[in-house]
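Q: here is my input, please return the structure:
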Amino acid sequence: MVKKSGKIMHRMSGQAHFNAREGGKITRAKRRDSVLSKEFHKTIQQFTR
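A: The predicted model follows:
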């Protein structure tokens, strides 16, 4: 997902099922998107042009 500001976001993997057995920290992290690092951002921009 690309935000209006140009940030590229991604979801944590493994969200489909078996979430109850995960620890609380991991479960909370799966709820939100996080920003890709600058290195990945450059790589993705090269491939999308």
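Q: buried sites along stretch 7-23?
A: Using 16 or more other Cβ atoms under 10 Å as the test for burial, stretch 7-23 gives I8. Bear in mind the C-beta positions are built from the backbone N, C-alpha and C, glycine included.
Q: equivalent analysis for stretch 35-49, please.
A: L36.
Q: ok, F40 touching I8?
A: Yes. If you go by Cβ atoms under 8 Å, F40 and I8 touch, sitting 7.2 Å apart.
Q: which helix of the protein spans the most residues?
A: Looking across the chain with DSSP state H, the single longest helix is helix 38-48.
Q: mind giving me the packing neighbours of that helix?
A: Using 3 or more Cβ pairs under 8 Å, 6 or more residues apart in numbering; DSSP states H and E as the contact criterion, no helix or strand is in contact with helix 38-48.
Q: that one: how far from the chain's middle?
A: 14 Å (Cα atoms, centre = their mean, to the nearest Å).
Q: keeping just the C-alphas, turn it into CSV.
A: C-alpha atoms of helix 38-48 as CSV (Å, rounded to 0.1, in the frame of the first residue of the first chain):
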residue,chain,number,x,y,z
LYS,A,38,14.4,3.1,2.9
GLU,A,39,16.4,0.3,1.1
PHE,A,40,13.2,-1.5,0.2
HIS,A,41,11.5,1.7,-0.8
LYS,A,42,14.3,2.4,-3.4
THR,A,43,14.1,-1.1,-4.7
ILE,A,44,10.3,-1.0,-5.2
GLN,A,45,10.4,2.4,-6.8
GLN,A,46,13.0,1.1,-9.4
PHE,A,47,10.7,-1.8,-10.3
THR,A,48,7.5,0.2,-10.5
